[in-house]
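Participant: the following comprises the amino acid sequence and a computationally predicted model.
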Amino acid sequence: MNEELSYVPRETIGAVTGYIPVYLVLDEYILNLLLLICLVHLCLLLTWTFDILVYFSTYLESS
């Protein structure tokens, strides 16, 4: 078994084992960034909706 592994170049092992964790970390970072952007948009949408409702309620009361 060890003889078979000795034929595999070290660069290939390093590329395979080094590429996967970097990809997973980057993928998790991108997903967290997208989730954060979605949450910010949701908060902005809720605040704008609340502002519009307050504006219309004051407009209707004044007229």
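Facilitator: Cool, the structure landed.
Participant: give me the element Glu61 is part of.
Facilitator: Applying DSSP states H and E as the criterion places Glu61 in helix 10-62.
Participant: pLDDT of that helix, averaged?
Facilitator: Averaged over helix 10-62, pLDDT sits at 77.
Participant: begin at 38 from now on, thanks
Facilitator: From this message on, residue numbering opens at 38, which makes the last subject helix 47-99.
Participant: and Glu65, how far is that from Ile74?
Facilitator: Going from Glu65 to Ile74 by C-beta to C-beta, to the nearest Å gives 15 Å. (Glycine included, C-beta is placed from N, CA and C.)
Participant: check Asp64 too.
Facilitator: Per C-beta to C-beta, Asp64 is found 16 Å from Ile74.
Participant: next one: Trp85
Facilitator: For Trp85, the distance to Ile74 - C-beta to C-beta - is 16 Å.
Participant: also Thr95?
Facilitator: Thr95 sits 32 Å away from Ile74, going by C-beta to C-beta.
Participant: repeat for Phe87
Facilitator: Taken as C-beta to C-beta, the span from Phe87 to Ile74 is 21 Å.
Participant: equivalent analysis for Cys80, please.
Facilitator: 11 Å.
Participant: same check, this time on Leu82
Facilitator: In this view, Leu82 and Ile74 are 12 Å apart by C-beta to C-beta.
Participant: could you give the number of residues near Ile67?
Facilitator: When counting by other C-beta atoms under 10 Å, one arrives at 10 neighbours for Ile67.
Participant: quick one: it from His78, how far?
Facilitator: The value you get for Ile67 to His78, if C-beta to C-beta is used, is 17 Å.
Participant: how about Thr86?
Facilitator: According to C-beta to C-beta, Thr86 stands 12 Å off from His78.
Participant: Tyr96 too?
Facilitator: According to C-beta to C-beta, Tyr96 and His78 sit 26 Å apart.
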